[in-house]
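A.B. asks: Sequence and predicted structure are below.
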Amino acid sequence: MTIWAPQPPIATREVAAATLPIDLSTSTYRTMLRLVVPAAAGDVLDITAWARVTNDTGKDRNDPGYTVGVGWHLWAYDCDSGQGSAGPWWRISPSNGDNVTRVRHHMPMAISTVYAVPDDWPTGHRIVVVLRADAHSTAWVEGDTLTVDRAYGELIVRPWTRQTTTQEG
């Protein structure tokens, strides 16, 4: 019989990025938040993350700036693989996205997912869960960025471990 046991949540509010560079590409991700989590094969991670960005692309009140698309998703990598953050990463959530205008100004980015640690996960290895984001626009101007509101953000992982028991009778 398998029993799922909740473990204490692990969380961080240390937002890593100060800005998101705006460009035309949708693949210039930046790490918003990251968290190292002890993991065992078969564990289930209940993950919630959020951060916020601000669009200040206008130079003054006569310049309305432009709309910027922001994409965000959750990723993971094995921090004990010997390759660290240079090793393989894999996306563990669907992509999310929205547009932030000068009028909207502040845009929250929220995401959650449930991720099952693979059954072949190496014993003793830890998984790093990462909220990543990128900013893009067809109107981009080289050097423009979105401000990452570093006082607004949190990444929470609630691990569930699988425990097998024998049941008599």
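C.D. replies: Received the coordinates, thanks. Residues are numbered from 1 along each chain as shown.

A.B. asks: which residues touch the residue nearest the centre of the chain?
C.D. replies: For the chain, residue 131 is the residue whose C-alpha lies nearest the centre (CA atoms, centre = their mean; 1.1 Å). Neighbouring residues of residue 131 by CB atoms under 8 Å, 6 or more residues apart in numbering: 31-34, 49, 51, 72-74, 109, 111, 153, 155. (Each C-beta comes from the backbone N, C-alpha and C, glycine too.)

A.B. asks: Sort out which of the residues you listed are buried, if you could.
C.D. replies: Buried by 16 or more other CB atoms under 10 Å: 32-34, 49, 51, 72-74, 109, 111, 153, 155, out of these.

A.B. asks: Regarding the residue nearest to the centre of the chain, what is its secondary structure?
C.D. replies: Residue 131 falls in the strand class when you classify it by DSSP: H, G, I helix; E, B strand; the rest coil.

A.B. asks: Tell me the spacing between it and residue 2.
C.D. replies: 30 Å (CB to CB, to the nearest Å).

A.B. asks: burial count for residue 39?
C.D. replies: Applying the criterion other CB atoms under 10 Å, we find 26 residues in the vicinity of residue 39.

A.B. asks: Over to residue 128?
C.D. replies: A total of 20 residues lie near residue 128 under the criterion other CB under 10 Å.

A.B. asks: quick one: strands adjacent to the helix or strand of the chain with the lowest mean pLDDT?
C.D. replies: Within the chain, confidence by mean pLDDT, DSSP states H and E is lowest for strand 2-6 among all helices and strands, at a mean of 88. Take DSSP bridges as the rule and strand 2-6 pairs in its sheet with strand 145-164 (antiparallel).

A.B. asks: List the buried residues in the partner strand.
C.D. replies: Under the neighbour-count criterion of 16+ other CB under 10 Å, strand 145-164 has 145-146, 148-149, 152-161 buried.

A.B. asks: what does stretch 64-78 give?
C.D. replies: For stretch 64-78, the neighbour count (16+ other CB under 10 Å) marks 65-68, 70-78 as buried.

A.B. asks: Could you verify my assumption that residue 138 touches residue 24?
C.D. replies: Yes: with contact defined as CB atoms under 8 Å, residue 138 and residue 24 form a contacting pair (6.8 Å).

A.B. asks: I appreciate the help and will end here.
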